[in-house]
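Enquirer: okay, here's the prediction I keep looking at, along with the sequence it came from:
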Amino acid sequence: MQFPLATYRLQFTPSFDFRSAKAIVPYLAELGVSYLYASPIFKARQGSTHGYDVVDPNIINPELGGIEKFNDLIEKIHEYNLKWLQDIVPNHMAFDSQNTMLVDLLENGSDSQYHGFFDINWNHPYEGIRGRLLAPFLGRFYGDCLEHGELKLQYEESGLSVNYYSLKFPIRIESYTKVLTYDLGRLRQKLGRRNPDFVKFLGILYGLKYIPSGEEGSERYDQIFFIKSMLWELWNDNLDIRKFIEENIETFNGVVGKPESFNLLEDLLNEQFFRLAFWKVGNEELNYRRFFTVNDLISLRIEDPNVFETTHSLLLQLVEEEKIHGLRIDHIDGLYDPATYLFRLRDRANHTYVVIEKILEPQEELPINWPIQGTTGYDYLNMANGVFCQKENEAKFNKIYHSFTRSIVNCEQLIDEKKRLIVGKHLAGDIDNLAHFLKQISSHYRYASDFTIYGLKGALVEVMTAFPVYRTYINNEEVSTSDRNYIKQVIAKAKETMPIFLNELAFIEKFLLLEFDDYLTQEEKEQWLDFVMRLQQFTGPLMAKGVEDTVLYIYNRLLSLNEVGSHPTHFGVSIDEFHQFNHHQTAYWPHSMNASATHDTKRGEDVRSRINVLSEIPDEWEAKLKEWREINAGQKDCIEGIDVPDPNDEYLLYQTLLGTFPFYEEEYPVFVQRIKEYLIKAIREAKVYTAWLKPDTGYEEGFTTFAERLLKDSPDNEFLKAFRPFQQKIQHYGVFNSLSQTLLKFAVPGIPDIYQGTELWDLSLVDPDNRRPVDFKLRNKFLKSIKRGIEKNPLALVEELLAHPEDGRIKLFLIYQLLQTRQEYSELFQRGDYQKLTVIGSWQDHAVVFSRTWGDYTVIAIAPRLFTSLMKEDELPLGEQVWQETRISLPPGSPTHWQNRITGEEIKGEDALFLRDILQHFPVALLVSVLPQAEKPLSDGVKALEEGSKSKNRKKDVAA
């Protein structure tokens, strides 16, 4: 297996396709990455901007260029010695008429070749969806849509369908008789009984009576194809038949204002394998598993070997052809049995680099037996980000936050409250299904036969709400120690919270721990295990929607800490904690990804770097908040008795502006619009005054108007006058946080990942803001200029870049130098150890310093932090005036000669290295040991030449 040296994530869209990517391959190679890391590329819903709504996993997306342009791109990346890491979606597909497998299922029901492909409960306890797939996509109640003529029966070459605007649902073949025989005498009278086309039409009707089913699957498909072909032929060849069908369709579609005229269409719909419903029904009555709470993403039963083989056919072919060299598995926690899936994938892609999208809570361990290289890097992101938050100021920040918002927010209580909100409004149907399943099983046990649906559902809600991690991974009769501990912790908390469910909770605990009764049959044990594994699939969505997509938009104490995979109560990370994490990664997951920005992060990496500066200056932050609140008090509108925005949302806005304010004036008008769009998303996600399900346009307009007033580009704007000096100060220190953050990502154990465009400043917000087009021409131009500057005079280049940090070239320069070093010392970065180095002196807590060694070479990384106490806002963190006597204590036997790979400078030191010497010209450093000439290891070629020479001399001696 080969491991990436560094990856570069690209978001493919119809406007950035394979041809666009091909054009930037030379730039990526020149930058120094080794893997192009691609968003999903298999056929997605038309116009998809992310690719996670797959409709056919065995077709390369035509909107991206299809297989031809994909192969061209692969040839190009191979030409530049790059490889391909592919993001794949095994959990779900789009619930859409473009999904041919799903359409086949909706048309053929239990006779479909794809009947077992989707995670659907066909035996649902509610009669209305028993044997039918709920389709919750209507904009209002079904009856209203029907009688307003919004449901339209239509006919085309593929057959009859019922359309709801752009959505199309196929009519089962057996129901064609209803439409085609309606008032058949009319057609007979028009054509005559002996008309050849009428005889063919009767033949079609006869064929419809005897459609094969069950084991005669292939015959069924053949006959359906024959009937549809014949009908389409008659439609095109005989105008009378076409007119007859059109008139019948018009009759079935009813007349608005005459409710009884829709009876025919309603009867037809009642026969189908789907049931159209108001979209909100999906939150309360549901018989299929979704991706999180998204109705139009239907989950697969990927645990079925046939489903796995079918949906992975093209992917595995591309792996075998060595066009794909790595895999990123999306939403691993949604799978029924993640471990089995990964082992099955590993069997088929044995030498492929594999990472998983997995959110690890603090102190949670990734299962060590999984055949993967690690995660996509959220665990690293939150550790590295925390290093730049001043942990000691937590109490002060709590006080500031509570004082400004005029409330004391208990975050743990908030998490519990919002999880319950998600259960009640978004996952009620899923919990209901689990409760019915548990009730069905419990009826077999005398000690559980009296449990009611109410009691079981209430107990399940307590259990799921109390889960401290995304999920457990029980998949057989063994329960791991960590899973057992989580379950014990959850049940204890649930019993304390809701003692009226003690018996039900004890029963559920017995289930979750697989404490089987001796008399159980194997079938009963399997049913028991099935319940446990299904339950595990829903704790993750609850955590994601309750915490990531709700609490992280409400608990705004310090926004830089509100990130995917974070716990908002954790205020910063100590240097020792960061070192411990890296030691663990070195031992267990040395090739896991290190991310600092992804398509899913809540804000850009350099936005977090800026906001983290606030943690160092709580008193000044508090003073600014009071000043701004006083200035802006008159800018608020009172809507329904509430001053908009409320203090918590106002607090969020100020931090957001500090983190995202642009460097250049010309970006300002677009920036204001971006902020307004972000605020709408943020407060809808928070679900306090408004929500996606029920938007409150009054509050939303009030908040965006407030933001507009604050950001009005006018000399009379008192807020901007007070805000800009402080913002520029934060911006200045944020630059150095960003450079240190960048160095850490590329130097610690793991694979550094660059999200598209973030080699320059990343001042983006949550999607879709972070998926805006990237100006690669500008980046390519900057890179070529930087390379020329390095060749000419690196120190002069560094001085010029530090004088003009606003264009982001300084970050690009650093990334380029780090990538070149990783390429030159690839074994060291992929296999080297990790050692914390001791820092001595006045500013010892202001630098993260460690070494990595492999063979004859050692690197030392120096990443300063907490800059506000190191220097004034118009200074640079360089030289003796800043670092004074602060130094790195070198272990005995360390090299004495070093080269700073960022600036090219030579550094010498026996027992210690002084930061004033190392950081004289640039704020961060990566030192590589330089062996004196006599000590330099010989290359294999030189060794061979020397051995050959010695051998010749020995032969001469013998001859003499």
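Expert: That came through fine.

Enquirer: quick one: average confidence on the strand or helix carrying Val839?
Expert: Under the criterion of DSSP states H and E, Val839 resides in strand 838-840. Averaged over strand 838-840, pLDDT sits at 97.

Enquirer: and the next element down the chain from it?
Expert: strand 847-854.

Enquirer: sheet partners, orientation included, of that next one?
Expert: As defined by DSSP bridges, the strand partners of strand 847-854 come to strand 835-836 (antiparallel), strand 857-864 (antiparallel).

Enquirer: out of these, which is the most enclosed?
Expert: strand 857-864 (a mean of 24; mean count of other C-beta atoms under 10 Å). (Glycine included, C-beta is placed from N, CA and C.)

Enquirer: so who does the residue positioned nearest the centre of the chain touch?
Expert: Central residue of the chain (C-alpha atoms, centre = their mean): Asp600, 4.5 Å from the mean position. Neighbour list for Asp600: 564, 767 [criterion: C-beta atoms under 8 Å, 6 or more residues apart in numbering].

Enquirer: helix, strand or coil for it?
Expert: For Asp600, the assignment made with DSSP: H, G, I helix; E, B strand; the rest coil gives coil.

Enquirer: still on that earlier bit, so which of the strands paired with strand 847-854 comes closest to Gly139?
Expert: Closest approach to Gly139 among the strands paired with strand 847-854 (C-beta to C-beta): strand 857-864, 52.4 Å.

Enquirer: who touches the closest one?
Expert: Strand 857-864 has contacts (C-beta under 8 Å, 6+ apart) with 736, 740-741, 743-744, 747-748, 821, 825, 828-829, 832, 837, 846-853, 870, 877, 888, 894-895, 898, 901, 913, 915, 918-919, 923-929.

Enquirer: got it, and stretch 689-709?
Expert: 280, 425, 632, 635-637, 639-640, 642, 644-646, 649-650, 653, 672, 675-676, 679-680, 683-685.

Enquirer: PyMOL command for the buried members of those residues?
Expert: Here is the PyMOL command that selects the buried residues among these (16 or more other C-beta atoms under 10 Å):
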select buried, resi 280+425+632+636+637+644+645+646+649+650+653+672+675+676+679+680+683+684+685
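
Enquirer: counting only strands, which of the contacts of stretch 689-709 make the cut?
Expert: Judged by DSSP state E, the subset of the contacts of stretch 689-709 located in strands is 637, 639, 642, 644.

Enquirer: and the residues you listed, which two are the farthest apart?
Expert: Longest span within these, C-beta to C-beta: Asp637 and Ile642, 9.4 Å.

Enquirer: mind listing what's buried in stretch 391-401?
Expert: Neighbour-count burial for stretch 391-401 [16+ other C-beta under 10 Å]: 393-394, 397, 400-401.

Enquirer: of all those, which two lie farthest apart?
Expert: Top of the distance list for those (C-beta to C-beta): Asn393 and Tyr401, 11.7 Å.

Enquirer: with distance to Asp240 added, can I get the strands paired with strand 847-854 in a markdown table?
Expert: Formatted as a markdown table, these follow (distance: least, C-beta to C-beta, whole Å):
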| stretch | distance to Asp240 |
| --- | --- |
| strand 835-836 | 87 |
| strand 857-864 | 81 |
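
Enquirer: of all these, which one is nearest Pro794?
Expert: Of the strands paired with strand 847-854, nearest to Pro794 by C-beta to C-beta is strand 857-864, at 17.5 Å.

Enquirer: how about the CA coordinates for the closest one, as PDB?
Expert: Only the C-alpha atoms of strand 857-864 are listed here, as PDB (Å, rounded to 0.1, in the frame of the first residue of the first chain):
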ATOM      1  CA  TYR A 857      17.400  12.500   9.700                       C
ATOM      2  CA  THR A 858      15.500  14.500  12.200                       C
ATOM      3  CA  VAL A 859      13.100  17.400  11.700                       C
ATOM      4  CA  ILE A 860      12.100  19.900  14.400                       C
ATOM      5  CA  ALA A 861       8.800  21.900  14.000                       C
ATOM      6  CA  ILE A 862       8.400  25.200  15.900                       C
ATOM      7  CA  ALA A 863       4.900  26.700  15.900                       C
ATOM      8  CA  PRO A 864       4.400  29.800  18.100                       C
END
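
Enquirer: pLDDT on that strand, on average?
Expert: Computed over strand 857-864, the mean pLDDT rounds to 98.

Enquirer: I'd like the next helix or strand past that strand.
Expert: Taking DSSP H and E, what comes next after strand 857-864 is helix 880-883.

Enquirer: any buried residues in that next one, and which?
Expert: Quick answer for helix 880-883 (16+ other C-beta under 10 Å): 882-883.

Enquirer: check which helices and strands the helix or strand just after that helix is in contact with.
Expert: Counting by DSSP H and E, the element after helix 880-883 in chain order, helix or strand, is strand 887-889. On a contact count with 3 or more C-beta pairs under 8 Å, 6 or more residues apart in numbering; DSSP states H and E, strand 887-889 meets strand 838-840, strand 912-914.

Enquirer: parallel or antiparallel, which strands does the first one pair with?
Expert: Going back to what we said before, that points to strand 838-840. If you go by DSSP bridges, strand 838-840 pairs up with strand 887-889 (antiparallel).

Enquirer: any idea of the mean pLDDT for stretch 800-815?
Expert: Per-residue pLDDT values over stretch 800-815 give a mean of 98.

Enquirer: any weak-confidence spans in the stretch 151-300 of the chain?
Expert: By pLDDT under 70, the stretch 151-300 of the chain has no low-scoring segment.

Enquirer: how about the helices of it, start to end?
Expert: 176-180, 184-191, 196-209, 217-237, 239-252, 263-270 (DSSP state H, counting those that start in this stretch).
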